[in-house]
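**Q** Build me a model from this:
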Amino acid sequence: MTGYGKSEASNDFITVTVEVKSINSKNLDLRINLPRIVNNLLNRLNSKVKEYVKRGKVDVYINYKLSPDVEIPVSINYSMAKTYIDAIKKIEGTSGRKIEINMRDLLSMHDIFSKEDIDISGSEEVFIEALENALMQLDAERKKEGEKLKKDIESRLKKIEAILHDIEEKANSINEKIKKRLTEKVKKLFEPDDEEISKRIELEIVLIAEKQDVTEEITRLKSHIKRFYQLLNEDFSGKTMDFLCQEMHREINTLGSKLKEINATESVLKIKTEIARIKEQVQNVE
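**A** Coordinates of the predicted model:
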């Protein structure tokens with residue numbers, strides 16, 4: 001699910017800012033952009049994100065700034081400085097002109113002066129604190145989106161239940177439809193009071209009704225819907241919901257192929273449409 005969180009944490013030595021962004025994805029795709037000085041924290045930072053996020057494309061941006069009174073150690077490469085000085089003297093000897101070097105010139109020679117790594121071993125928890133606070137904000141936003149998804153899925157489940165109820169009522173009358181159709185056909189060929197023909201009609205009705213009985217499919221569909229409601233109020237597991245969508249689609253396909261005697265095509269298509277929309281939504285659910 002989508003979300004955003006930003007937080008800042010600090011101590012007397014350092015101030016850390018963390019931004020976390022997430023968008024929908026079937027699996028967890030985590031990228032943490034952090035300063036080189038805290039590469040040793042990468043595993044801890046990864047683990048912390050995974051405590052809050054199980055699915056989604058997540059980007060984490062970590063920045064820091066040192067307190068104004070912190071002195072940044074600088075190292076001097078004396079060997080390189082001597083190399084520059086010797087080169088300048090050679091140029092002076094060749095040109096016959098004195099070359100003046102000021103402090104700005106020296107500072108521009110980056111291979112002479114370099115900043116040393118800052119020791120942040122006493123401030124590692126500041127990075128963790130800033131990340132966790134940002135993740136808490138992200139989690140709050142994702143939960144709000146989750147509530148919206150829940151309401152949308154519930155409304156679609158109710159539509160499926162209503163359509164399924166209509167199909168069930170029509171399916172219950174299928175035997176009478178079959179009997180009427182067969183009786184009309186045989187009347188044209190045989191005497192209507194022929195006992196043998198009547199028995200044959202009843203047998204045909206039973207055989208056809210068995211082939212077109214959708215009781216099991218309807219029962220399983222109702223069971224899947226019931227389980228969906230449970231998940232929405234308990235685990236809210238996206239992978240389980242995705243599996244249920246597949247099972248519901250399989251049952252409605254079977255049901256549609258059986259109902260030859262009643263006009264259920266439109267109802268079946270409506271249920272398939274709602275299942276497809278639910279399936280799209282659950283891709284965003286952890």
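**Q** C-alpha from now on. contacts and neighbour counts both.
**A** Noted.
**Q** burial count for Val53?
**A** 20 (other CA atoms under 10 Å).
**Q** Am I right that Gly5 is in a strand?
**A** Yes: Gly5 forms part of a strand when assessed by DSSP: H, G, I helix; E, B strand; the rest coil.
**Q** Could you pull up the residues touching it?
**A** Residues touching Gly5, when contacts are defined by CA atoms under 8 Å, 6 or more residues apart in numbering, comprise 19-21, 133-138.
**Q** Please apply the same query to Val60.
**A** Residues in contact with Val60 (CA under 8 Å, 6+ apart) are 18-21, 30-33.
**Q** what's the spacing between it and Val70?
**A** When CA to CA, to the nearest Å is applied, the distance between Val60 and Val70 equals 26 Å.
**Q** quick check: longest helix of the chain.
**A** Among all segments of the chain classified by DSSP state H, the helix with the greatest residue count is helix 124-172.
**Q** now that helix: mean pLDDT?
**A** Across helix 124-172, the average pLDDT comes to 90.
**Q** Distance from that helix to the middle of the chain?
**A** 11 Å (CA atoms, centre = their mean, to the nearest Å).
**Q** Repeat that for stretch 88-97.
**A** So, by CA atoms, centre = their mean, the centroid of stretch 88-97 is 67 Å from its chain's centroid.
**Q** Which positions in that stretch come out as buried?
**A** Along stretch 88-97, the positions that meet the burial threshold by neighbour count (16 or more other CA atoms under 10 Å) are Ile88.
**Q** got the contact list for that stretch?
**A** Contacting residues not belonging to stretch 88-97 are listed as 98-99 [CA under 8 Å, 6+ apart].
**Q** Now do it, average pLDDT.
**A** Stretch 88-97 carries an average pLDDT of 82.
**Q** Kindly report the same for stretch 109-120.
**A** 72.
**Q** Identify each buried residue in that stretch, please.
**A** With the criterion 16+ other CA under 10 Å, stretch 109-120 contains buried residues 112-113.
**Q** And stretch 213-223, by the same measure?
**A** Using 16+ other CA under 10 Å as the test for burial, stretch 213-223 gives 213-214, 217-218, 221-222.
**Q** now do stretch 151-170
**A** Residues of stretch 151-170 classed as buried under the neighbour-count rule (16+ other CA under 10 Å) are 153-154, 156-157, 160-161, 163-164, 167.
**Q** got a list of contacts for that stretch?
**A** Counting by CA under 8 Å, 6+ apart, the neighbours of stretch 151-170 from elsewhere in the structure are 218, 222, 225, 229, 262, 264, 267, 270-271, 274-275, 278, 281.
**Q** Just the buried ones out of the residues you listed, please.
**A** 218, 222, 225, 264, 267, 271, 274-275, 278, 281.
**Q** And the residues you listed, which two are furthest apart?
**A** Using CA to CA, the buried ones among the contacts of stretch 151-170 reach their maximum pairwise distance at Ala264 and Gln281, which is 26.0 Å.
**Q** nearest residue to Lys272 other than its sequence neighbours?
**A** In space, not counting the residues next to it along the chain, Lys272 is nearest to His249; the distance is 6.5 Å by CA to CA, 6 or more residues apart in numbering.
**Q** what about that neighbour, which helix or strand?
**A** When elements are assigned from DSSP states H and E, His249 belongs to helix 238-258.
**Q** That helix to helix 124-172, inter-axis angle?
**A** Using axes from the mean of the first three to the mean of the last three CA atoms, to 10 degrees, one finds that helix 238-258 and helix 124-172 are set 10 degrees apart in direction.
**Q** List the buried residues in helix 238-258.
**A** 238, 240-242, 244-245, 248-249, 251-252, 255-256, 258.
**Q** Please write out the alpha-carbon positions of the host helix or strand of Ser223 in CSV.
**A** In the assignment (DSSP H and E), Ser223 maps to helix 215-233. Taking Å, rounded to 0.1, in the frame of the first residue of the first chain, the C-alpha atoms of helix 215-233 are listed here in CSV:
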residue,chain,number,x,y,z
THR,A,215,-25.4,-26.7,-4.8
GLU,A,216,-21.7,-27.5,-4.2
GLU,A,217,-20.4,-24.5,-6.1
ILE,A,218,-22.8,-22.1,-4.4
THR,A,219,-21.9,-23.6,-1.0
ARG,A,220,-18.2,-23.2,-1.6
LEU,A,221,-18.7,-19.6,-2.9
LYS,A,222,-20.5,-18.7,0.2
SER,A,223,-17.8,-20.3,2.3
HIS,A,224,-15.1,-18.3,0.5
ILE,A,225,-17.1,-15.1,1.0
LYS,A,226,-17.4,-15.8,4.7
ARG,A,227,-13.7,-16.4,4.9
PHE,A,228,-13.1,-13.1,3.1
TYR,A,229,-15.1,-11.2,5.7
GLN,A,230,-13.1,-12.9,8.5
LEU,A,231,-9.8,-11.9,6.9
LEU,A,232,-11.0,-8.3,6.5
ASN,A,233,-11.6,-8.2,10.3
